[in-house]
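Asker: no sequence for this one, just the structure:
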Ligand SMILES: [Zn+2]
């Protein structure tokens, strides 16, 4: 892998001490000693943008809908549509969340990098969904809510994304994020497995070009407060077991039973695999 994509320093805390917490074939996992965020070094092996698995997404549309309702319920609690009208989602996939948000009264807008996702979403939502990213050209103080679910862990410059979100949001506007969690049963077990099998390649929940960063409650509170946000809500949640089974459809029966037991145990222990954050721009 080329040195161009090496990431020695924390993107959020310039100059902070870091340590290698896990060595994997082809990359290391580093952690910032200040904010606690983890990332892969290198972040990428190339510049190619890889779209998430849209087929798997389509097979779980009923779960996506109930997940979205849970997200909407939290957003409505902290940013009700009568005082927070304009909602922008980054990485909207097929626009399901935006459709549900529009139904409860938000004025919705979306940006996504996948051409096919934009075309599917546009057939339901019209021209309020576009291909693109939230960048420095986005007009300032123009949005009430920015939502990004399971997106920021795929960004190699998440600090720039947060700065652009801060600028695009009006003062008092809110940011709603969902990402994989460091404080999860999945994370603890995969890291232990990684330590025990240093030369063997398998998924640990972090990999160059894919999930490049992993956040936890401490990391989110630290990162967001340094960037001018006040955290209003920060809690773990679990991916539905049905969704995990669809994604591992080709696995054997033992793996599928393992996924079910694992999902139940993670819920019992309160160690869900995702973290949901709502923060207000100061
Ligand atoms: Zn840091």
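Answerer: Here it is on my side, so go on. Quick caveat, the model's predicted, so the values are computed rather than measured.

Asker: part of a strand, is residue 194?
Answerer: No: using DSSP: H, G, I helix; E, B strand; the rest coil, the secondary structure at residue 194 is helix, not a strand.

Asker: tell me how far it lies from residue 85.
Answerer: 45 Å (C-beta to C-beta, to the nearest Å). No exception for glycine: its C-beta is placed from N, CA and C like everyone else's.

Asker: show me which of these two is the more surrounded one.
Answerer: Higher neighbour count among residue 194 and residue 85: residue 194, with 20 against 15, using other C-beta atoms under 10 Å.

Asker: now the helices for the stretch 151-282 of the chain?
Answerer: 158-168, 185-196, 217-226, 241-247, 253-269 (DSSP state H, counting those that start in this stretch).

Asker: next, the buried residues of the shortest one.
Answerer: Buried residues in helix 241-247, counting neighbours by 16 or more other C-beta atoms under 10 Å, are found at 241, 243, 244, 245, 246, 247.

Asker: where's that helix relative to the chain centroid, distance-wise?
Answerer: 18 Å (C-alpha atoms, centre = their mean, to the nearest Å).

Asker: counting contacts, what elements does that helix pack onto?
Answerer: helix 253-269 (3 or more C-beta pairs under 8 Å, 6 or more residues apart in numbering; DSSP states H and E).

Asker: next, the angle from the helix it packs on to helix 185-196.
Answerer: With axes from the mean of the first three to the mean of the last three C-alpha atoms, to 10 degrees applied, the angle from helix 253-269 to helix 185-196 works out at 120 degrees.

Asker: starting at the chain centroid, how far to helix 253-269?
Answerer: 22 Å.

Asker: check stretch 27-38 too.
Answerer: 17 Å.

Asker: now do that stretch: everything it contacts.
Answerer: 1, 7-8, 10-13, 16-23, 39-42, 182, 204, 206-208, 213-216, 218-219, 222-223, 226 (C-beta atoms under 8 Å, 6 or more residues apart in numbering).

Asker: likewise for stretch 181-199?
Answerer: 21-25, 36, 38, 180, 202-205, 214-217, 219, 236, 262, 265-266, 269, 271-275.

Asker: filter the residues you listed down to the buried ones, ChimeraX style.
Answerer: Applying 16+ other C-beta under 10 Å to the contacts of stretch 181-199, the buried members can be selected in ChimeraX as follows:
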select :22,24,36,38,180,204,205,214,215,216,217,219,236,262,266,271,272,273,274,275
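
Asker: please consider this matter closed, and thank you.
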